[in-house]
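sharing a sequence plus its predicted fold:
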Amino acid sequence: MKNTLIFLLSLFSICIYSQKPTDFLSSEFHKNRRNILREKMPKNSVAVFFSNPIRNRANDVNYKYHQDPNFYYLTGHQAPHALLLIFSENQDINGQSINELLFVRGRNALAELYDGERISTEEAVKAIQISNVYQTPEFKDFPIDFSQFDQVLYFEFKNDVRDTKEEGDLYDLIDQFKTKAGHPDKQASTVHVEPQPNNLNSSLLRNLLAPMRGIKTAEEIDLLRKAVKISALGQNEVMKAMRPGMSELEVQGMHEFIYKKYQAEYEGYPSIVGAGHNGCVLHYIDNYNPSIEDGQLILMDLGAEYHGYTADVTRTIPVNGKFSKEQKQIYDLVYEAQEAAMAIAKPGVPFSEIYDATLEVINKGLLELGIVDNLSQEELINPATGRHRYYPHGCCHHIGLDVHDLGTRDVLQEGMVITIEPGIYIPEGSPCDKKWWNIPVRIEDDYLITADGIELLSNDAPRKSEEIEALMKEESAFGQLNLPDLDVK
Ligand code: GLY
Ligand code: MN
Ligand code: MN
């Protein structure tokens, strides 16, 4: 009987466990990343990584926690209040020879009652494949002499770290590190100006990590493929559902519902859903137009974040399902610019040439359409912003654990995952015929750089104007959703 019970209990726990997703990055991935970083570190150095702060929303309510991407990259640890040290050579500490050290919060029944299970040090040893794990309060008296290292590598401290009063919280860890390393600022919440001990180095780590994070491993590419596919499928469902009179928030909600349906935990950045003039505001995140007008274009820049990796996909569509003549002219011009960039993108090509390819097409098109009279600086540059009047942003960036991911930005290399995102925005009042006003278009797709070219990862969502119009004619499952009127004052 007892054996049967034990058997049933273990089966139950296997079942519970098997509900957890199994497609996270493996512990081998994180261990391997730490080893590669260690090999790149200068002799006799230590790299210090802090977890992200918990960000407060208001009063006693915090935002959902998001780990610092470098910390996550090197550990897979998703909890706050943690510290990672990587040593370039083995150190004799506490009678052991160690080359990495992790401090995590210990268990705490009361805190776990509210916020869920914490990982114990023993569990962290197994899950993170790191042999030396301690509880954060132990860092204070831990015998590490930072002055003996030629270089102490760290990132600038975040200036929004709150003192939770719990012993060994991030506030304490930063404070204790500063004291141990002789950092001039002794408060976790202040940003330092100049480090005094000359072995403190807050700029090198970024340069060591950028080439690593910028070239994705097969495991990372798998996760990015999922994030991008989910985002493209969200665009498709919204194209089918879109009708004049919908609100921007409702459109945002449809995208994000699709993300959640596919188990994407977050949005990689605040969703941008802007119709007409709102689409000309590059980072418009209010999404508060309660009734989108017939005849408007709507620009939708959203990315699902799946297990830490985020997509970044933009589609611009006519709210009523059909581009007007002018909208189609601008749309097709942006499409042509994106195609020109795609045609030359391959390893060895500078990022700047990708941008130049899009700019050349856009400038030529603006001239042909009569939106500018010539290609002089006076015509193209908006004196108020110092930027191109109608194409005011860059066209490419890495994506990964951050939407604007860390990576080198000189030439394209195999294994990079980048966006190509040309756009034309013609706000009301622009010095051109009124018929062009309030047309915003961005087309943004995500690409893996392959050995000899690119793979378009966001291919599931149509990019051509005719294909968008065709998809918008299809039935939408959202059409079945008939909610009652709110009927309250
Ligand atoms: N969604 C931000 C960007 O496109 O870079
Ligand atoms: Mn982007
Ligand atoms: Mn974007």
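Right, received. Where do you want to start? Numbering: from 1, shown residues only. Ligands and ions are numbered 1, 2, ... in the order given.

tell me the secondary structure of residue 305, please.
What DSSP: H, G, I helix; E, B strand; the rest coil gives for residue 305 is strand.

need the contact list for it.
227, 264, 265, 266, 267, 268, 311 (Cβ atoms under 8 Å, 6 or more residues apart in numbering). Glycine gets a C-beta too; all of them are placed from N, C-alpha and C.

in the protein, which spans are helices?
2-18, 27-40, 69-75, 109-115, 121-128, 170-181, 204-214, 218-241, 248-261, 325-344, 351-368, 377-380, 465-472 (DSSP state H).

just checking, what packs against the third one?
Contact analysis of helix 69-75 by 3 or more Cβ pairs under 8 Å, 6 or more residues apart in numbering; DSSP states H and E lists helix 27-40, strand 45-50, strand 83-93, helix 204-214 as its packing neighbours.

what lines up beside the second one in the sheet?
If I follow you right, that is strand 45-50. The pairing partners recorded for strand 45-50 under DSSP bridges are strand 83-93 (antiparallel), strand 151-154 (parallel).

can you tell me what sits against the shortest one?
Counting by Cβ under 8 Å, 6+ apart, strand 151-154 makes contact with 41-42, 44-50, 146, 177, 181, 197, 199-202, 204-205, 208, all of which sit outside it.

from the residues you listed, which would you call buried?
41, 45-50, 146, 177, 181, 199-202, 204-205, 208 (16 or more other Cβ atoms under 10 Å).

residue 76 and residue 162, how far apart?
25 Å (Cβ to Cβ, to the nearest Å).

repeat for residue 50
From residue 50 across to residue 162, the span is 14 Å (Cβ to Cβ).

what residues does the stretch 201-350 of the chain have near ligand 1?
269, 301, 312 (Cβ under 6 Å from any ligand atom).

out of those residues, which sit inside strands?
In this view, these that belong to strands under DSSP state E are residue 301.

which stretch among the helices and strands packed on helix 69-75 comes nearest residue 220?
The minimum distance between residue 220 and the helices and strands packed on helix 69-75 falls on helix 27-40, with 7.9 Å, by Cβ to Cβ.

relative orientation of that closest one and strand 45-50 in degrees?
Relative orientation of helix 27-40 and strand 45-50, computed by axes from the mean of the first three to the mean of the last three Cα atoms, to 10 degrees: 140 degrees.

tell me how far helix 27-40 lies from the chain's centre.
Here helix 27-40 is found 21 Å from its chain centre; the criterion is Cα atoms, centre = their mean, to the nearest Å.

and the residue of the stretch 101-250 of the chain found nearest ligand 3, what does it touch?
Going by Cβ to the ion, ligand 3 is nearest to residue 231 of the stretch 101-250 of the chain, at 9.9 Å. Contact analysis of residue 231 by Cβ under 8 Å, 6+ apart lists 255, 259, 302, 303, 304, 311, 312, 313, 458, 461.

and with 7 Å instead?
302, 303, 304, 311, 313, 458 (Cβ atoms under 7 Å, 6 or more residues apart in numbering).

filter the residues you listed down to the buried ones.
Using 16+ other Cβ under 10 Å as the burial test, the contacts of residue 231 include 302, 303, 304, 311, 313, 458 as buried.

quick one, grab the pLDDT at the residue in the stretch 351-489 of the chain that ligand 2 sits nearest to.
At 4.3 Å from ligand 2, residue 419 is the closest residue in the stretch 351-489 of the chain, using Cβ to the ion. pLDDT, residue 419: 99.

verify the contact between it and residue 396 for me.
Yes - with contact defined as Cβ atoms under 7 Å, residue 419 reaches residue 396; the gap is 6.0 Å.

pick out whichever of those two has more residues nearby.
residue 419 (23 against 20; other Cβ atoms under 10 Å).

which residues touch the more buried one?
For residue 419, the contacting residues are 312, 396, 397, 399, 444, 445, 446, by Cβ under 7 Å, 6+ apart.

list the buried ones in stretch 342-354?
342, 345, 346, 347, 349, 351, 354.

how near is the closest residue to residue 410 other than its chain neighbours to ligand 2?
Among residues not flanking residue 410 along the chain, residue 350 sits closest, at 6.4 Å (Cβ to Cβ, 6 or more residues apart in numbering). Distance of residue 350 to ligand 2, computed by Cβ to the ion, to the nearest Å: 19 Å.

again, but for residue 85
34 Å.

once you drop chain neighbours, what's closest to that residue?
Going by Cβ to Cβ, 6+ apart, residue 85 has residue 101 as its nearest residue, at 4.4 Å.

neighbours of that neighbour, how many?
By the criterion of other Cβ under 10 Å, residue 101 has 23 neighbours.

what of residue 409?
Neighbours of residue 409 (other Cβ under 10 Å): 17.

now the stretch 151-300 of the chain, which segments are flagged as low pLDDT?
Applying pLDDT under 70 to the stretch 151-300 of the chain flags residues 186-196.

now it against ligand 2: closest residue?
Closest approach of the stretch 151-300 of the chain to ligand 2 (Cβ to the ion) occurs at residue 269, with a separation of 8.6 Å.

quick one: contacts for that residue?
By Cβ under 7 Å, 6+ apart, the contact set of residue 269 is 303, 403.

now distance to residue 246 and pLDDT too, for the buried residues of stretch 342-354, in a markdown table please.
Shown next, in a markdown table, are these (distance: Cβ to Cβ, whole Å; pLDDT from 0 to 100):
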| residue | distance to residue 246 | pLDDT |
| --- | --- | --- |
| 342 | 31 | 99 |
| 345 | 35 | 98 |
| 346 | 40 | 98 |
| 347 | 43 | 98 |
| 349 | 40 | 98 |
| 351 | 37 | 98 |
| 354 | 35 | 98 |
